[in-house]
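quick one, what's the 3D model for this:
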Amino acid sequence: MSTVDSLEELLQDELKDIYDAEKQLTKALPKMVKHATASELKQAFQNHARQTEQHVKRLEDVFEQLGMPARGKKCVGMQHLLEEGQEMIEAADEDATRDAVMIASAQKVEHYEIASYGTVRTWANVLGKTDIAGILEETLAEEKAADQKLTGIAESSVNAAAAGEGAEEEEEEATRRGSRRAATARGRHVAADRKRR
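Purely as a prediction, here's the structure:
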């Protein structure tokens with residue numbers, strides 16, 4: 001981070017950071033749409049992809065009001081969140097489990113954005129930039145709504161489906177173990193019968 005000497009500079013620096021974060025998301029969300037299997041989750045990601053494009057435009061309006069070029073600086077926090085999410089998604093073999101992982105990853109991203117937008121909105125208000133604060137507040141409200149939507153999807157269907165996938169695998173493994181034990185027991189009975197003869 002470059003040296004900042006005032007809250008004004010800090011606001012500008014953080015806006016550049018969140019601008020890059022939103023740009024990274026515009027590339028990541030279509031991939032999440034592609035990997036999602038639950039229709040409600042797929043729809044939520046599609047909606048948020050459109051919203052994210054709007055968030056980028058709003059930030060460009062903010063830059064214009066501040067007389068700054070619409071340019072970001074690398075948001076390492078978002079980069080790491082997206083990389084972590086991608087690793088988790090690739091590790092999930094079952095559809096519902098992958099959906100649950102994507103919700104968890106997306107909510108980490110939402111919480112990061114909520115913290116960022118809440119901060120810059122507050123700084124804009126303190127600096128008397130109420131028009132800018134209003135724009136940032138609108139995006140903040142949408143980020144909170146997206147987070148709540150993801151919680152609803154997770155709690156209403158995806159988490160239970162993912163838990164069921166794990167239970168099915170455990171049941172299949174128990175059945176396989178039981179079949180092996182039964183076969184071993186049958187083998188012992190056959191061997192005992194032969195000895196008696």
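
go ahead and confirm residue 69 touches residue 63.
Yes. If you go by C-beta atoms under 8 Å, residue 69 and residue 63 touch, sitting 6.7 Å apart. All C-beta spots, glycine's among them, are computed from the backbone N, C-alpha and C.

more neighbours: which of the two?
A count of neighbours by other C-beta atoms under 10 Å puts residue 63 above the other of residue 69 and residue 63, at 19 against 9.

need the pLDDT of the more buried one.
According to the prediction, residue 63 has pLDDT 97.

and residue 15, how close does it get to residue 53?
Going from residue 15 to residue 53 by C-beta to C-beta, to the nearest Å gives 17 Å.

more neighbours: those two, which one.
residue 15 (24 against 15).

what's the average pLDDT for the helix or strand harbouring that one?
Using DSSP states H and E, residue 15 sits in helix 7-35. Averaging pLDDT along helix 7-35 yields 96.

what of stretch 66-78?
In the prediction, stretch 66-78 has an average pLDDT of 96.

if we look at it, which residues are touching it?
Defining contact as C-beta atoms under 8 Å, 6 or more residues apart in numbering, one finds that stretch 66-78 is touched by 12-13, 15-21, 23-25, 59-60, 63-64, 109, 112, 129, 132.

SS state for residue 71?
Reducing the assignment at residue 71 to three states with DSSP: H, G, I helix; E, B strand; the rest coil gives coil.

phi, psi for it please.
Per-residue torsions, residue 71: phi -140, psi 140 (degrees, to the nearest 10).

excluding its backbone neighbours, what's nearest residue 158?
If the residues on either side of it in the chain are set aside, residue 158 comes closest to residue 99, at 4.8 Å by C-beta to C-beta, 6 or more residues apart in numbering.

for the one you found, the count of nearby residues, please.
27.

could you tell me the angle between the host helix or strand of residue 86 and helix 7-35?
Element membership for residue 86 (DSSP H and E) is helix 76-91. Compare the direction of helix 76-91 with that of helix 7-35 by axes from the mean of the first three to the mean of the last three C-alpha atoms, to 10 degrees and you get 10 degrees.

would you mark the buried spots in helix 76-91?
Neighbour-count burial for helix 76-91, counted by 16 or more other C-beta atoms under 10 Å, picks out 77-78, 81-82, 85, 88-89.

make a markdown table from those residues and add distance to residue 118 to it.
Shown next, in a markdown table, are the buried residues of helix 76-91 (distance: C-beta to C-beta, whole Å):
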| residue | distance to residue 118 |
| --- | --- |
| 77 | 15 |
| 78 | 16 |
| 81 | 17 |
| 82 | 21 |
| 85 | 22 |
| 88 | 26 |
| 89 | 27 |
